[in-house]
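Undergrad: Okay, sequence plus prediction incoming.
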Amino acid sequence: METTNVILCGLGGQGILFMTKIFAHAALGKGFNIIGAETHGMAQRGGSVISHLKIGDPESSLVRAGSADFLVALEENESYRNLPFVASHARIYVNSDSGKFPVAQVKSFLQAHEIAAYAAPASQMAGELGASLSTNLAMIGFYSAFNEKPFTSGELRETVERISPERFRELNLKVFDTAHDYGKSQGPV
Amino acid sequence: MNREEILLGNGAIALGLLEGGCQILTSYPGTPSSEILPEAVRFIKSQELNIYTEWSTNEKVALDNAFAAAVAGKRSACIMKQVGLNVAADSLMSAAYIGTVGGFVIVSCDDPGPHSSQTEQDTRMMARVAKVPVFDPSSPKEARAMAKAAMELSEEFSVPVILRPAIRVCHARQNLTIGKIEPNNTKADFVKDPSRWAATPKFRLKLHGELNVKLATIAERFSGMSQFNSHNLETGKKYPLGIIAGGVPYSVVADLFNEDARTDIPVLKIGTPYPFPQKLADEFTGACEKVLVIEETDTVIEYLLQDRKKVLGRLSGNIPSQGELTPEVVFSCINNAAEAAGIKPLSGKTADEAVRLVSELDLPIRKPTLCPGCPHRSSFYAIRKARPKAIFTSDIGCYTLGLNLGGVDTCLDMGAAITMASGFYQAYAQDGETKPIVATMGDSTFFHSGTAGLLSAVYNDARFIFVILDNEITAMTGMQPTPGLGIRADGSKGNQITLEQAVKGCGVDFLEVVDPYDIDSMKKVMKKAAEFTESPEGGIAVVIARHPCVIAYRDQAIPNKKRVTVTEDCIDCGYCRKRYECPALIRDPEVSRTAIDRQICADCGLCIEICPKKAIVEESI
């Protein structure tokens, strides 16, 4: 199969690893192989965190600059920082409460490369549901509304249900569903 | 009972070692190696295997322990990061000559980048220096296979073997199938042979000769080991350019060529760079006019290729001599060499335009920082308040980030906070000058390599304050226990050794324990300690700043939570943000004041004491 390249990014402590886990298990559930790369150690302490995920049969773990099919960012500036990874005609999904996403320079770059950008106030949505640490799940729910290949929203939801720890399961699904419904009403920025 | 699991590369390595019949595993944590031992513990528990695991106090201790088990005929492994192998180098060199009975694998994980290390050193170079065979995996899947193969090769030739995964293997994730691990029930049986196990120089010469014979045989073997070393030359065909790659760069090259459906540039994969599979390499270079060598991080394959005129690599300026060989770096190296050889370059755009855009955006630099509520932050704050003019020697751990608070002037290697403090002291003392010096080191680092330096400093009457930042865990590498905690690798109870016992045992006469959450008390203790170092009858003063890590002991670390807010008294002087450098203290540009980032604030309330205007207060509920 053709490889799907994914970049997931944000800040240390935002739950990038758990978000990666959901995508990886969703892929595995469909019978695909995965390989990816994570940030650990010194770099993890509050800094920029990036997770590479490749779905298919590649041998290396890093996504090459200019080749990510989609990017999900838990923080606006981190989405900008990782733009070099994004391929032309790709999609980016960004958590933004500011309403200022994307800034003008980025907007013209996205247009020139026909990259579609979708933004959601994911932290705010999670916070309102009493799950301020679940921005990651809100972003997956939001993303799922757009039926990006190779996942359907049902497959992602089922994966969240399957791998969430028991005590967070119900809340995680609520955050996922709320953000999914929000996404249904949104187009590219 | 086969099941599929998404494993960290370090999990794949643990699995491979156990599948290779490993009975004893020892380790000292260090990124990117830290998860190997805990993953092994997980497999051992789930399959109820009788396999011994230990967190050793340092890498040399780990190597010696595992080596002895292999001398007794068992299969063993020791696990560390690349700079840890420096600590164990003395043992490694000697072990290579002596050899073993059971299989003995040293896993040394490299960190090209570097992402979380003080150097980018290449363990394959260490293998050459020590004359020990080395395997260089390109993916988690291959690391698993190589761990087992390394164990078997080691036992067959009675020689230690190194497995060197780089960070992109260790911290890669890949789906792998896990089956039943066959137990290895070999019993310990040490056969006395002093001429070998305690060889004197005369016998060492003989052992060196034997090692050379082993290496020559293994080099032959490697040339035919097609699962790890192979090329895709078509018989009789000549090529203007070929690529020789090993480890992670090999997998990058393979993906680039697959994506572009290119087969016109042949690739030789070297999975076992030492002893070098010369025969296979000669066959490959013979068919190519030029060969581009892509390896991390140093020049091992490049040096060992014999037809020097054909070789392109670091020495010819074709490959960068520092930094990680990311896919985009490899992409441009290949295309530059292809262009020079008159071959069509790889298709695909570079990301130059986006990189330029990002640099123009002037995004905030996200440097790593101590966590909100971290007790090290208040320790550094108190230390600087009490001894503002001191030289601050520090060490390897979370607290290296005391840099951001101006509390760290030096960081050399594990243990150097003490040894550099004593070195600074003697350098100034020789000139008749008394320089205030404060050394900081974590609890785990002190057990790793603090005692030898402290003994020497006490013995030679150095004078400085040594603060042990005791958060009761090895935090930076992922919360491994220490001897001070007395919990062992498998979670069982060991014998606790307190820092107090160890410090007193080193001959220190001044020892105070303080909770750094009480900033005032810590300042007072620091002043008392300073007086002791300066008095003629004094000596080294040790202060243990003890408070649990806020991540490892989330529920106990902050018993009295204080939700803080910033009042209108804030004059936006920035003192708290600069001097206390807590990531939860942010600037609100709309009101030109400091604000609290509620998302990350740990409610420790320590910043209340910091504000010179008393504008940070506990929120009234």
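TA: Right, received. Where do you want to start?
Undergrad: Now do the SS call for B:N336.
TA: helix (DSSP: H, G, I helix; E, B strand; the rest coil).
Undergrad: Quick one: low-confidence residue ranges for chain A.
TA: A:40-46 (pLDDT under 70).
Undergrad: do the stretch 351-500 of chain B as well
TA: For the stretch 351-500 of chain B, no stretch is flagged by pLDDT under 70.
Undergrad: Can you show me the strands along it?
TA: B:391-394, B:410-411, B:437-442, B:465-470 (DSSP state E, counting those that start in this stretch).
Undergrad: Same question for chain A.
TA: Counting by DSSP state E, chain A has these strands, from start to end: A:4-11, A:34-37, A:48-55, A:68-73, A:86-95, A:116-120.
Undergrad: Save those as CSV, and put in distance to chain B and mean neighbour count too.
TA: Any C-beta I mention is one placed from the backbone N, CA and C, and that applies to glycine too. Listed next are those as CSV, based on distance: least, CB to the nearest CB, whole Å; neighbours: other CB atoms under 10 Å in any protein chain shown:
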stretch, distance to chain B, mean neighbour count
strand A:4-11, 7, 24
strand A:34-37, 5, 25
strand A:48-55, 5, 25
strand A:68-73, 10, 25
strand A:86-95, 7, 22
strand A:116-120, 14, 21
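Undergrad: possible to save the ones you listed as CSV with distance to B:D588?
TA: Shown next, in CSV, are the strands of chain A (distance: least, CB to CB, whole Å):
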stretch, distance to B:D588
strand A:4-11, 19
strand A:34-37, 36
strand A:48-55, 23
strand A:68-73, 23
strand A:86-95, 20
strand A:116-120, 23
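Undergrad: coming back round to it: closest to B:E39 out of the strands of the stretch 351-500 of chain B?
TA: Nearest to B:E39 among the strands of the stretch 351-500 of chain B is strand B:437-442; the distance by CB to CB comes to 23.8 Å.
Undergrad: Give me the helices and strands touching the closest one, please.
TA: In terms of contacts (3 or more CB pairs under 8 Å, 6 or more residues apart in numbering or on different chains; DSSP states H and E), strand B:437-442 is packed against helix B:375-386, strand B:391-394, helix B:416-429, strand B:465-470.
Undergrad: Packed most tightly, which of these would that be?
TA: strand B:465-470 (a mean of 28; mean count of other CB atoms under 10 Å in any protein chain shown).
Undergrad: Pairing partners for it, with directions?
TA: strand B:437-442 (parallel), strand B:541-546 (parallel) (DSSP bridges).
Undergrad: I'd like to know how many residues surround whichever residue of the stretch 51-200 of chain B sits closest to chain A.
TA: Nearest to chain A, among the residues of the stretch 51-200 of chain B, is B:S116, at 3.3 Å (CB to the nearest CB). If you count neighbours by other CB atoms under 10 Å in any protein chain shown, B:S116 ends up with 23.
Undergrad: can you redo the strands paired with strand B:465-470 as a markdown table with mean neighbour count?
TA: Output for the strands paired with strand B:465-470, formatted as a markdown table (neighbours: other CB atoms under 10 Å in any protein chain shown):
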| stretch | mean neighbour count |
| --- | --- |
| strand B:437-442 | 28 |
| strand B:541-546 | 25 |
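Undergrad: give me the beta-bridge partners of the residue nearest to the spatial centre of chain A?
TA: Centroid check for chain A by CA atoms, centre = their mean gives A:V72 as the closest residue, at 2.9 Å. On the basis of DSSP bridges, A:V72 is bridged to A:L8, A:Y93.
Undergrad: after the helix or strand bottoming out on mean pLDDT in chain B, next one along is what?
TA: Lowest by mean pLDDT, DSSP states H and E among the helices and strands of chain B is helix B:554-557, with a mean of 89. Next along the chain after helix B:554-557, taking DSSP states H and E as the criterion, comes strand B:564-566.
Undergrad: Fine by me, thanks again.
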